[in-house]
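Visitor: predicted model and sequence below, questions to follow.
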Amino acid sequence: QVQLVESGGGLVQTGGSLRLSCAASGLTFSSSVLGWFRQGAGKEREFVSSISASGGSTYSADSVKGRFTISRDNAKSTVYLQMNVLKPEDTAVYYCAAGVRYSNVAYYSDQYEYWGQGTQVTVSS
């Protein structure tokens, strides 16, 4: 059974930082593309960042480029999202996702088969 468990969310002030982690089990982690998505209250889920299976390629949404960094540790089966210079508009539930059909970066939610339960990030102004 595949499980993705996020951690690291919380309340932070504008300009602060958080690092989200997502520990995976039950899948061939090193051959899976990984991604982070988020969903704010009353909004649709949106793509945040993706990292290829090898870790050699990453891609992030324009709204977070230069502030958020995705990385992975295949030895620990864990993907990270380092979030810096946080803004109130970054407030959302953040989900990690894993895709087993693709090895390169993936931007669309239907490219991912497995999802975590989400972790809340709240940025106060």
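Guide: It's in. Everything quoted here is computed from the prediction, not taken from an experiment.
Visitor: alpha carbons only for contacts and neighbour counts from here, please
Guide: Fine.
Visitor: pLDDT on the helix or strand hosting residue 12, on average?
Guide: Element membership for residue 12 (DSSP states H and E) is strand 10-13. Strand 10-13 shows a mean pLDDT of 98 in the predicted model.
Visitor: neighbouring strands for that strand, and are they parallel or not?
Guide: Sheet pairing here is set by DSSP bridges, and for strand 10-13 it gives strand 119-124 (parallel).
Visitor: would you mind writing the CA trace of the partner strand as PDB?
Guide: Listed next in PDB are the C-alpha coordinates belonging to strand 119-124 (Å, rounded to 0.1, in the frame of the first residue of the first chain):
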ATOM      1  CA  THR A 119      -0.500  19.800   5.600                       C
ATOM      2  CA  GLN A 120      -1.700  23.300   6.400                       C
ATOM      3  CA  VAL A 121       0.500  26.300   5.800                       C
ATOM      4  CA  THR A 122      -0.800  29.600   7.100                       C
ATOM      5  CA  VAL A 123       1.100  32.900   6.500                       C
ATOM      6  CA  SER A 124       0.000  35.800   8.700                       C
END
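Visitor: now do that strand: everything it contacts.
Guide: When contacts are taken as Cα atoms under 8 Å, 6 or more residues apart in numbering, the neighbours of strand 119-124 outside the stretch itself are 6-14, 86-95.
Visitor: same thing but 7 Å
Guide: Strand 119-124 is contacted from outside by 6-7, 9-14, 86-88, 90-95, using Cα atoms under 7 Å, 6 or more residues apart in numbering.
Visitor: hang on, the earlier thing: CA atoms only for the strand holding residue 12 - export them in PDB, please.
Guide: Coordinates of the C-alpha atoms in strand 10-13 are reproduced here as PDB (Å, rounded to 0.1, in the frame of the first residue of the first chain):
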ATOM      1  CA  GLY A  10       2.300  25.500  10.400                       C
ATOM      2  CA  LEU A  11       1.800  29.200  11.100                       C
ATOM      3  CA  VAL A  12       4.500  31.600  10.000                       C
ATOM      4  CA  GLN A  13       4.700  35.400   9.600                       C
END
